[in-house]
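Q: sharing a sequence plus its predicted fold:
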Amino acid sequence: MKTFLSNIKIQVNDKIYVKDPETSALGRKIIKESILLIDELGFDNFTFKKLGERIGSNESSLYRYFENKHKLLVYLSSWYWSWMEYKLIFTTANIPDPFEKLTKAITIVTEKIEDDESTAHINESILNKIIITEFSKTFLTKEVDDENREGFFLIYKRVIRRIVAIVKEVNPNYPYAESLVSTTIEGALHQHFLKDHFKSITNCNEEISPCTFFLHLVSNIIKK
């Protein structure tokens, strides 16, 4: 997996950024440190001024890459889902059995994320924590329809459609594949959050992971 990812470039919609942060050392530093700072402060308390102070750069230099912090968060989430898509493609490519393929796919999008050392400037484990707590802020906005038309969420929706296709391989007659898969992905983020913060209203804990729950749920729902 490390060799695979080290040889590909994660694709993000170029309408999200002013300048591609992957093209410069400063851009990559902005991405690396923004992930760490958002994790420390939370997105609401995160500002470009604080990020500039952290990386020893003028606040104005950050605006050469992103118009605002919302666009930066959309970029980080798009990068994350693009990374997940590559994992899905790589892991399920040579699995002939549809149910085994679905099990692998559900596992990828619901399991606890470990850092991938092949992406030195991005800690995927910390980025996953941000996605769990902050991803909904990328689309629960008044501008969501305009941004959707601009393709800001295309990669996220593509991940869902890839798993939907596998569900339909397993059971072509199941009528709610899109709702099932989108609920699984969103639900996994929510269950990870509940496991860490609202333990009394989830069965997920150190022994029962959100991955275990959703594998059980999906497999029982789509049985022929």
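A: That came in fine, so what should we check first? Everything numeric here is computed off the predicted structure, so don't read it as measured data.

Q: which helix or which strand is home to residue 79?
A: helix 69-92 (DSSP states H and E).

Q: off-centre distance for that helix?
A: When C-alpha coordinates are averaged (C-alpha atoms, centre = their mean, to the nearest Å), helix 69-92 and its chain have centres 5 Å apart.

Q: and the helices in this protein?
A: For the chain, the helices defined by DSSP state H occupy 2-6, 25-41, 48-55, 59-62, 69-92, 98-110, 124-134, 144-149, 154-170, 177-197, 210-221.

Q: for residue 203, which of these is the nearest?
A: Among these, helix 210-221 comes nearest to residue 203, with 6.8 Å by C-beta to C-beta. Glycine gets a C-beta too; all of them are placed from N, C-alpha and C.

Q: name the helices or strands packed onto the closest one?
A: Under the contact definition 3 or more C-beta pairs under 8 Å, 6 or more residues apart in numbering; DSSP states H and E, helix 210-221 sits against helix 98-110, helix 177-197.

Q: show me which residues of the longest one are buried.
A: Buried positions in helix 177-197, judged by neighbour count with 16 or more other C-beta atoms under 10 Å: 177, 180-182, 184-185, 188-195.

Q: tabulate the helices of the chain (JSON lines), appending mean pLDDT and distance to residue 18.
A: Shown next, in JSON lines, are the helices of the chain (pLDDT from 0 to 100; distance: least, C-beta to C-beta, whole Å):
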{"stretch": "helix 2-6", "mean pLDDT": "49", "distance to residue 18": "26"}
{"stretch": "helix 25-41", "mean pLDDT": "97", "distance to residue 18": "10"}
{"stretch": "helix 48-55", "mean pLDDT": "97", "distance to residue 18": "13"}
{"stretch": "helix 59-62", "mean pLDDT": "96", "distance to residue 18": "10"}
{"stretch": "helix 69-92", "mean pLDDT": "96", "distance to residue 18": "8"}
{"stretch": "helix 98-110", "mean pLDDT": "97", "distance to residue 18": "30"}
{"stretch": "helix 124-134", "mean pLDDT": "97", "distance to residue 18": "21"}
{"stretch": "helix 144-149", "mean pLDDT": "98", "distance to residue 18": "16"}
{"stretch": "helix 154-170", "mean pLDDT": "97", "distance to residue 18": "19"}
{"stretch": "helix 177-197", "mean pLDDT": "98", "distance to residue 18": "28"}
{"stretch": "helix 210-221", "mean pLDDT": "97", "distance to residue 18": "36"}
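
Q: show me which positions of stretch 56-66 end up buried.
A: Buried-residue list, stretch 56-66, by 16+ other C-beta under 10 Å: 62, 65-66.

Q: quick one: closest of the helices and strands packed on helix 210-221 to residue 36.
A: That would be helix 177-197 among the helices and strands packed on helix 210-221, by C-beta to C-beta, at 18.5 Å.

Q: quick one on the thing from earlier: got the angle between the helix holding residue 79 and helix 154-170?
A: 30 degrees (axes from the mean of the first three to the mean of the last three C-alpha atoms, to 10 degrees).
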